[in-house]
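> dropping a prediction and its sequence here:
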Amino acid sequence: MIQAAIITRRLKEGKTYEDFRKAWYHTIGFGTANKMYTIVNGLDPREIIVIGFTETSPEQVRALAEVDIRERLNNPLDDVIEPEIGRTYGILVAEDDFSSPGALPYTAPSVGGKETDLEEVDRNLQEAAKIIAEVSQKRDRAHKTRK
């Protein structure tokens with residue numbers, strides 16, 4: 001499965017994207033296919049949106065979240081961003097290419113040419129939600145004790 005994360009942060013007054021990037025940039029990789037896309041909001045340049053895609057299994061979700069927790073605790077962003085962070089997590093269920101001109105036939109959801117098993121997605125979402133909630137609480141507790 002491909003896990004997707006959308007994290008929204010707001011730069012503190014006077015801070016730049018480059019300030020954010022230097023603080024945010026990972027010093028340790030996840031050890032699995034991962035790509036992150038960073039967006040500066042065109043209507044609010046202080047808003048930074050990171051969209052990450054990580055190839056994982058339900059069993060790996062906890063280990064990958066632990067890598068991210070260690071990374072953020074070792075490289076905090078407190079000096080660069082406002083305290084509120086928007087977090088959205090999910091599983092990629094479809095890749096669609098609407099590039100062709102004209103009418104397009106409907107196709108079932110698929111990723112990488114493999115049709116998506118939506119029942120499996122539901123099971124994985126439930127399991128991932130539990131794990132993400134647990135590790136998020138752990139991260140937030142650790143972050144509060146560091147302050």
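Perfect, thanks for sending it. Residues are numbered from 1 along each chain as shown.
> now E84, what's its secondary structure?
Assigned with DSSP: H, G, I helix; E, B strand; the rest coil, E84 falls in the coil class.
> what sits closest to it if chain neighbours are left out?
R10 (6.9 Å; C-beta to C-beta, 6 or more residues apart in numbering). In short, each C-beta sits where N, CA and C put it, glycine included.
> ok but the one you found is inside a strand, no?
Yes. Using three-state DSSP, the assignment for R10 is a strand.
> just for this protein, where's the confidence low?
142-147 (pLDDT under 70).
> mind doing that once more with 50?
In the predicted model, the chain carries no residue with pLDDT under 50.
> next, count neighbours for E84.
By other C-beta atoms under 10 Å, the residues close to E84 number 8.
> verify the contact between it and K12 for me.
No. Between E84 and K12 there is no contact under C-beta atoms under 8 Å: 11.5 Å.
> ranges for the helices of the chain?
Along the chain, counting by DSSP state H, helices occupy 17-24, 61-74, 118-146.
> reformat those helices as CSV; add mean neighbour count and distance to K35.
Compiled in CSV, the helices of the chain are given as follows (neighbours: other C-beta atoms under 10 Å; distance: least, C-beta to C-beta, whole Å):
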stretch, mean neighbour count, distance to K35
helix 17-24, 15, 15
helix 61-74, 16, 14
helix 118-146, 13, 18
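> out of these, the one nearest I6 is which?
Among these, helix 118-146 comes nearest to I6, with 12.9 Å by C-beta to C-beta.
> and that closest one, how far out from the chain middle?
Computed by C-alpha atoms, centre = their mean, to the nearest Å, the chain-centroid distance of helix 118-146 equals 12 Å.
> output the contacting helices and strands for it.
The helices and strands touching helix 118-146, judged by 3 or more C-beta pairs under 8 Å, 6 or more residues apart in numbering; DSSP states H and E, are helix 61-74, strand 86-91.
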